[in-house]
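Asker: The following block contains a protein sequence and its predicted model.
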Amino acid sequence: MEIIYSSKFKREYKKLSNNIKDIAEKNEIKFRHNPFDKSLKTHKLSGRLKEFWSFSIGYKYRIIFEFVNENKVYFHSVGSHDVYQ
């Protein structure tokens, strides 16, 4: 699966602690194999973000993404629940 990282995602990712980055990288590997792996808690968003999906990085952090097709995904944002704001 091809993942395209938005410039916003890249900026937000740089600000994460190394510990969270390690978890994010492990979860990205799982995501590439199966975006709906139970441990990722992947779910469709609602409201103004209804076109997007999210998966967990640990308890507090999330990645917001968008499916382009079965082989391509855009990662739009990463952070705590504040990314939904």
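Answerer: Received the coordinates, thanks. Numbers count the residues shown, from 1 in each chain.

Asker: doesn't Ile23 make contact with Gly58?
Answerer: Yes. With contact defined as C-beta atoms under 8 Å, Gly58 reaches Ile23; the gap is 5.1 Å. The C-beta positions use only the backbone N, C-alpha and C, and glycine is treated the same way.

Asker: Which one of these two is surrounded by more residues?
Answerer: Taking neighbours as other C-beta atoms under 10 Å, Gly58 and Ile23 compare with Ile23 leading, 17 against 12.

Asker: separation between the residue nearest the centre of the chain and Ser56?
Answerer: The centroid of the chain falls nearest to Ile63 when counting by C-alpha atoms, centre = their mean (2.2 Å). Computed as C-beta to C-beta, to the nearest Å, the Ile63 to Ser56 distance reads 8 Å.

Asker: list residues touching both of the two?
Answerer: In terms of C-beta atoms under 8 Å, 6 or more residues apart in numbering, Ile63 and Ser56 are both contacted by the residues Asn27.

Asker: could you give me the average pLDDT of stretch 6-15?
Answerer: The average pLDDT within stretch 6-15 is 96.

Asker: what does that stretch contact?
Answerer: If you take C-beta under 8 Å, 6+ apart as the criterion, stretch 6-15 is touched by 5, 21, 24, 63, 74-79, 83.

Asker: Likewise for stretch 24-42?
Answerer: 1, 3, 13, 16, 53-57, 61, 63, 67, 73, 78.

Asker: repeat that with 6 Å
Answerer: Applying C-beta atoms under 6 Å, 6 or more residues apart in numbering, the external contacts of stretch 24-42 come out as 1, 55-57.
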